[in-house]
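**Student:** here's my sequence, what's the structure:
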Amino acid sequence: MKHIIILSPLSKIRHSFMEIIIQFGYVTLFASAYPLASVISIVANLIEIRADAFRITYLCQRPRSIRCDGLNMWNKLLGAIVRLSALTNCLIFGFTSGQLMEWLPSLYQMDDTDHMRFTTDKGWIVIFIIFGLERLLLWTGMLLDAIIPDVPEDVMNQLERRYFVLEEESREYEHQEAQKRQKKQS
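**Tutor:** The predicted structure follows:
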């Protein structure tokens, strides 16, 4: 007796992307608050890859392929998260971590309740350092984005060669077709 198994279609790909984006957001936005999050994220993603491979192989139909140019809106969302993470990590570094207090103790003083506070008339320096560091991180990111090409040079050379060969083949075909027409007319 033959059994026919009908697999359910693979769904919720958008939800998988959203899950990864949220995880990336937590890791980058709060990296200075909990550095171990990146390691936990890697382990969780390795487990997720194995689970998805099993699900796609044995439990679901093969997903329908849809051609697209890239990540589109997801790429913009990732860029926004990266830029925002520069701000959040600098604020965590400056206001809550205590590292800046250890590096520049002259800008802080203990109050009556044993809490560190800004030294009178020096709080603006701390704010300037925090936002200056954030701007430095953003400018460094933009500089690296401008310097490093999106497509490597050897890949660009191969693409240009492919387009050149296709163009030459097209011209040769047009030339042969023109010669055939001339022979028929004469």
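**Student:** give me the number of residues near residue 72?
**Tutor:** 9 (other C-beta atoms under 10 Å). (Glycine included, C-beta is placed from N, CA and C.)
**Student:** swap in residue 134?
**Tutor:** 19.
**Student:** what pLDDT does the model give the residue lying closest to it once chain neighbours are set aside?
**Tutor:** Distances taken as C-beta to C-beta, 6 or more residues apart in numbering place residue 90 nearest to residue 134, at 4.1 Å, with adjacent residues excluded. You'll see residue 90 listed with a pLDDT of 91.
**Student:** my guess is residue 90 contacts residue 130, does it?
**Tutor:** Yes: if you go by C-beta atoms under 8 Å, residue 90 and residue 130 touch, sitting 5.1 Å apart.
**Student:** now the helices for this protein?
**Tutor:** With DSSP state H as the criterion, the chain has helices at 13-29, 37-54, 73-91, 99-103, 123-147, 153-185.
**Student:** export those to CSV and tack on distance to residue 65?
**Tutor:** Listed next are the helices of the chain as CSV, based on distance: least, C-beta to C-beta, whole Å:
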stretch, distance to residue 65
helix 13-29, 11
helix 37-54, 16
helix 73-91, 18
helix 99-103, 48
helix 123-147, 30
helix 153-185, 22
